[in-house]
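In: predicted model, plus sequence, below.
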Amino acid sequence: MRAAFAKEIESLSELDERIVLLSGDIGNRMFDTYKGKFPDRFYNCGVAEANMTGMAAGLALCGLRPVTYTITAFNTVRCLEQIRIDVCYQNLPVIIVGVGGGLSYSSLNATHHALEDIAFLRVIPNMTVICPGDAWEVRSAIRAALKIDGPVYIRIAKKNEPLIHNGLPNFTIGKGIVIRSGTDVCFLNAGSLLPSAVAASEALMKKGISVQIVSMHTVKPLDETLLQDIFSKFPHVFTLEEHSILGGFGSSVAEWLSDQINPKGQLTRIGTGDQFMYEAGEKEYAQEYFGITTERIVEKVVQSMSR
């Protein structure tokens, strides 16, 4: 996903001279071409995320369209006060891109895990939260975010994630994308677990369970119209996310659901639990640790449907 972001922001910067890219001392080689084309519109702010966010707010006040980019855990939690006051309180058009959302940097241990960021940022007024499901959605998200006159958080994974779309999807902020139709179960996916959702649906199909998959790339604002339709049709609805089930996308759907009258669907949230991981390991190991692999998703669906 990060390569898709780098290519897209470079292309968009050729069309819009207001775009300024600020990096927290990562992606230096990845942005070499960008720096060569736009030397006055790239700032390596170092390991100083709070300063970077404050700079972005100042640039936005000057009429520019700043985009901050660094590891998710550092571009959200470490500078949360600056995001809340400098950016959101003033409703400034700053795009915050967190790379390595979820467990992408799991081998570097809990300091680099990002499993609470959606919870922190979605409750801040004026903030839009987008979690693309593949590289094509990343490209679409950047384009759409630049059309918003306010703060946007885009949470992306790292690299080599499978592509789900064959090209740029019909992407609108606040509107989910139906990836696959089904009749028995509906998966509402936010973010990088989308390939796992597809793989799990194929495994469930072999068990005679038909799964509809929706990429709910926008966590805030939710696609409430689509949610109304889904919960009126499906007896079993699952949210999927590489994030804590406390405060994340699943919680957002649960909050919405609590205000509905007699919904048909039963909601089950799939994500990480209320725990830290005190071990180090690759992403696949970490996903198994938290129970969000394709196999574990299938198990949870079968168990839920057998109750």
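Out: Thanks, I have it.
In: list the contacts of Ile96.
Out: Counting by CB atoms under 8 Å, 6 or more residues apart in numbering, Ile96 makes contact with Thr53, Ala56, Thr68, Asn75, Thr76, Ile83, Val87, Leu121, Pro151, Val152, Tyr153, Ile154. All C-beta spots, glycine's among them, are computed from the backbone N, C-alpha and C.
In: quick check: what element follows the helix or strand that contains the last one along the chain?
Out: Assigned by DSSP states H and E, Ile154 falls within strand 152-156. Helices and strands here follow DSSP H and E; after strand 152-156, the next one along the chain is strand 177-180.
In: ok, then the element right after that following strand?
Out: Scanning forward in sequence from strand 177-180 by DSSP H and E, the next helix or strand is strand 185-189.
In: would you mind measuring from the residue lying closest to Ile156 once chain neighbours are set aside to Asp149?
Out: With CB to CB, 6 or more residues apart in numbering as the criterion, Ile156 has its nearest non-adjacent residue at 4.1 Å, and that residue is Met1. Computed as CB to CB, to the nearest Å, the Met1 to Asp149 distance reads 25 Å.
In: dump the residue contacts of the residue sitting nearest the centre point of the chain.
Out: Computing the C-alpha centroid of the chain and ranking residues by CA atoms, centre = their mean puts Cys131 first, at 2.0 Å. Cys131 makes contact with Gly101, Ile118, Ile154, Arg155, Ala190, Gly191, Ser192, His217, Thr218, Val219, Glu241, Phe249, according to CB under 8 Å, 6+ apart.
In: measure the fourth one to Val198 for me?
Out: Using CB to CB, one obtains 19 Å as the distance from Arg155 to Val198.
In: compare those two (neighbour count), which wins?
Out: Legend: neighbour count by other CB atoms under 10 Å for Arg155 and Val198, higher for Arg155 (33 against 20).
In: would you check that the more buried one makes contact with Glu116?
Out: No: between Arg155 and Glu116 there is no contact under CB atoms under 8 Å: 11.7 Å.
In: quick check: Ser107 is in a strand.
Out: No: Ser107 is assigned helix when assessed by DSSP: H, G, I helix; E, B strand; the rest coil, not a strand.
In: so what's the residue count around it?
Out: Neighbours around Ser107, by other CB under 10 Å: 13.
In: now do Tyr285
Out: So Tyr285, with other CB under 10 Å, has 15 neighbours.
In: now Lys147
Out: As a burial measure, Lys147 scores 9 neighbours (other CB under 10 Å).
In: would you format the contacts of Cys131 as a markdown table with secondary structure included?
Out: Below are the contacts of Cys131 laid out as a markdown table (three-state DSSP):
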| residue | secondary structure |
| --- | --- |
| Gly101 | coil |
| Ile118 | helix |
| Ile154 | strand |
| Arg155 | strand |
| Ala190 | coil |
| Gly191 | coil |
| Ser192 | coil |
| His217 | coil |
| Thr218 | strand |
| Val219 | strand |
| Glu241 | strand |
| Phe249 | helix |
